[in-house]
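K.L.:
When you get a sec, could you give me coordinates for this:
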Amino acid sequence: MKPRRPVKRSLQLDKKREGETTPNKKLRRLSPAKYSPITGTHILSSFTSRDVGPDDTSTDAADLAVQAHRATTREQQHSEERDEFSALRSKVEASVSILKATREKLLCLWASEGSRELEYVLGAWNKTGDLSAELQRNRKLVAQLESRGSSTGAQET
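P.N.:
Prediction:
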């Protein structure tokens, strides 16, 4: 192994001007209004305390209007999602009879052939095999969620 040589670096302090400051130092200068004489510290963020004056009533009203608009938009979005979900559920309920008939045909085919592939397709992934019972259970769960959502929504307002 070769011995390491010390690295020579020049600091070039001559080029720096006395009045020159970095942008970070310019931004860090705090006004005396943000200094707390009680604690002897500066307020870290301008958002920690808010000076309320007579001009702030219009912004409060605007904030309330924005919040009301967001609430109505959120309610519309939830109702659209519920409508979409119920449309999808009705499509599934309409196709249950077709799925059951196709499954019965495949079971007959599996009984005649005895193929392992059909066994995996037909029964290994779904032990219950009763789609109408699954849909009924789904309907009950959705009704419970809607009743809980409506009761908590009434409590919030």
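K.L.:
Quickly find the element holding Arg4.
P.N.:
Using DSSP states H and E, Arg4 maps to neither a helix nor a strand.
K.L.:
whoops, Thr72 was the one
P.N.:
Per DSSP H and E, Thr72 falls inside helix 56-113.
K.L.:
Could you check how far Arg148 is from Asp63?
P.N.:
30 Å (Cβ to Cβ, to the nearest Å). In this view, the C-beta of every residue, glycine as well, is placed from N, C-alpha and C.
K.L.:
what's the answer for Glu80, then?
P.N.:
26 Å.
K.L.:
ok, now Lys8?
P.N.:
Per Cβ to Cβ, Lys8 is found 60 Å from Asp63.
K.L.:
Ok, Ser79 next?
P.N.:
25 Å.
K.L.:
Next: Leu88.
P.N.:
Leu88 is 37 Å from Asp63, where distance means Cβ to Cβ.
K.L.:
Also Arg82?
P.N.:
Counting by Cβ to Cβ - Arg82 and Asp63 are separated by 29 Å.
K.L.:
Nothing else from me, thank you.
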